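> let me see the structure of the following:
(one chain, ligands or ions: 1)
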Amino acid sequence: MLQRLWARLGKSSPQPAQPLSSDNVPQHVAIIMDGNGRWAKNRGLPRMAGHHSGMKAVKHITMAADRIGVKYLTLYAFSTENWKRPKAEVDFLMKLPGQFLEIELNDLIANNVQVKMMGYKSDLPDYTLDAVEEAIKRTANNTGLILNFALNYGSRKEMLEAIKDMAAEVQQGQLTCEAIDEDYMSSRLLSSGIPDPDLLIRTSGELRLSNFMLWQLAYSEMWFTDVYWPEFTEEHFYEAIREYQRRARRYGGV
Ligand code: FPP
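This next block holds a predicted model:
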């Protein structure tokens, strides 16, 4: 677990202020990390300062998720729509995975975390892709928390590509329509092999999905907070988990 890192930093790992039930921890938590820009603006800082602080929150929440036994943590780091932002901001955001991994990869490895990426690799600059691929390669045999970066990810594109590929295969006689069920569709998405999120968290007060995991979130519990991502702490994360543990998931049943 990531306790060792905290020990090395001379810090005791922040445990939940109120107890968490250990037998109903969500297996997969997905997070829309929003509010970096507003956090920075409120402090008279450039937006990039918000993204930089957001990177630090990634580390804290990864630790917290690992500590309580979450198995998959998916973080929406860059959407297929984020290319519309000013070039300087896009360039900055593209450098963050490399910066994060340069600082954290050794500790992620030491703590048995496996890094994955969910998104379209071909549009990413080499320096982004190289850093992520190196992390994926070096953590491939780790068996602990799976830290899944949604990077250049868009859910509608993901579904359209899957549908087009399947249609072509049906046309060529390699696939039958009857074989396409929910599990098969899931297996053709970028999240293939990863179970659907149990819990979605969105920070910053926005109440929308922003093209994030639209298929996979069909039965996920959702938790929204007004807190901006850079100030989202372990205790906020535990609060979301406690709320999740109070909910009854019925999947359309009674
Ligand atoms: C949305 O906030 C945030 C993003 C588009 C980028 C999220 C990226 C990080 C939190 C850092 C990622 C770190 C790693 C390690 C990849 P916004 O900028 O849209 O905020 P605003 O809505 O307040 O303007």
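> residue of this protein closest to the ligand, please.
In the chain, no residue comes nearer to the ligand than residue 37, which is 2.4 Å away by Cβ to the nearest ligand atom. Yep, even glycine has a C-beta here, placed from its N, CA and C like the rest.
> A strand includes that residue, no?
No - read with DSSP: H, G, I helix; E, B strand; the rest coil, residue 37 is helix and lies in no strand.
> what residues are up against it?
If you count contacts by Cβ atoms under 8 Å, 6 or more residues apart in numbering, residue 37 has them with 47, 50.
> check residue 42 too.
residue 228.
> before we move on, what about residue 134?
So residue 134 contacts 101, 105 (Cβ under 8 Å, 6+ apart).
> pretty sure residue 207 contacts residue 225?
No - using Cβ atoms under 8 Å, residue 207 is not in contact with residue 225, being 10.7 Å away.
> which of those two has more neighbours?
residue 225 (19 against 8; other Cβ atoms under 10 Å).
> was I right about the more buried one contacting residue 232?
Yes - with contact defined as Cβ under 8 Å, residue 225 reaches residue 232; the gap is 7.4 Å.
> please enumerate the shared neighbours of those two.
Common neighbours of residue 225 and residue 232 (criterion: Cβ under 8 Å, 6+ apart): residue 203.
> next secondary structure after the longest helix anywhere in the chain?
Looking across the chain with DSSP state H, the single longest helix is helix 87-110. Going down the chain from helix 87-110, the next helix or strand is strand 114-118, by DSSP states H and E.
> next one, pLDDT for the nearest residue to residue 129 once chain neighbours are set aside please.
Nearest residue to residue 129, sequence neighbours excluded (Cβ to Cβ, 6 or more residues apart in numbering): residue 121, at 5.7 Å. For residue 121, the model assigns a pLDDT of 97.
> give me the beta-bridge partners of the most centrally placed residue in the chain?
For the chain, the residue nearest the mean C-alpha position is residue 75 (1.7 Å; Cα atoms, centre = their mean). Residue 75 has these beta-bridge partners by DSSP bridges: residue 31, residue 149.
> from residue 46, how far out is it?
Going from residue 75 to residue 46 by Cβ to Cβ, to the nearest Å gives 22 Å.
> swap in residue 209?
Distance, residue 209 to residue 46, by Cβ to Cβ: 28 Å.
> can you tell me the SS state at residue 164?
helix.
> now do it, the pLDDT please.
pLDDT, read off for residue 164, is 98.
> tell me how many other residues crowd it.
As a burial measure, residue 164 scores 10 neighbours (other Cβ under 10 Å).
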